[in-house]
Structure formats: C-alpha cells, structure tokens
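When you get a sec, could you give me coordinates for this:
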Amino acid sequence: MPKMKTKSSCKKRFKVTATGRVLAGHAGKRHGMIKRSNKFLRNARGTTTLCKADEGIIKPMMPYAR
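Next up is the predicted model:
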C-alpha cells in the first residue's frame, strides 16, 4: 500500500501536539504593524491552538501527525 501524502501547506503552517491539538501562528502579523494596536500585536505573539471545527479541516491533510 502506498504512503499517504501530507499537504505541503499544512506541514509548513501547523504542528500537532502530543495530545492531538493543532498549533498555528496568529494572523495579521506579516506587514502593516504600524496601523495595528499594541494590544493586538501583544496578543498575537507566539502560537495558538485551533478550535475543534478548524482541527477537523487540518487533521485529514496531515495523516501521520497524530
């Protein structure tokens, strides 16, 4: 049986934790920081866990990340 392929876009953007949750970076931090509030930039640091609905979209694209 051939191996299943992992979606390249998902392996670059997401990471699955040991408990099965999906980590992702915050949106809105590529450019245009000057117009964003300091509160937004502070809260958008690091990574966040996705909600269950979004996890259901990402996990099938990463078959070996469970």
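
Around Met1, how many other residues sit close by?
Residues lying near Met1 (other Cβ atoms under 10 Å) number 3. From N, CA and C alone the C-beta is placed, and that goes for glycine too.

what's the helix or strand for His31?
When elements are assigned from DSSP states H and E, His31 belongs to no helix and no strand.

Give the burial count for Cys10, as a bare number.
Neighbours around Cys10, by other Cβ under 10 Å: 19.

got the contact list for the closest residue to it other than its chain neighbours?
Nearest residue to Cys10, sequence neighbours excluded (Cβ to Cβ, 6 or more residues apart in numbering): Met61, at 4.5 Å. Met61 sits next to Thr6, Lys7, Ser9, Cys10 when contact means Cβ atoms under 8 Å, 6 or more residues apart in numbering.

Tell me the one of these nearest Arg30?
Proximity of the contacts of Met61 to Arg30 (Cβ to Cβ) peaks at Ser9, which lies at 15.7 Å.
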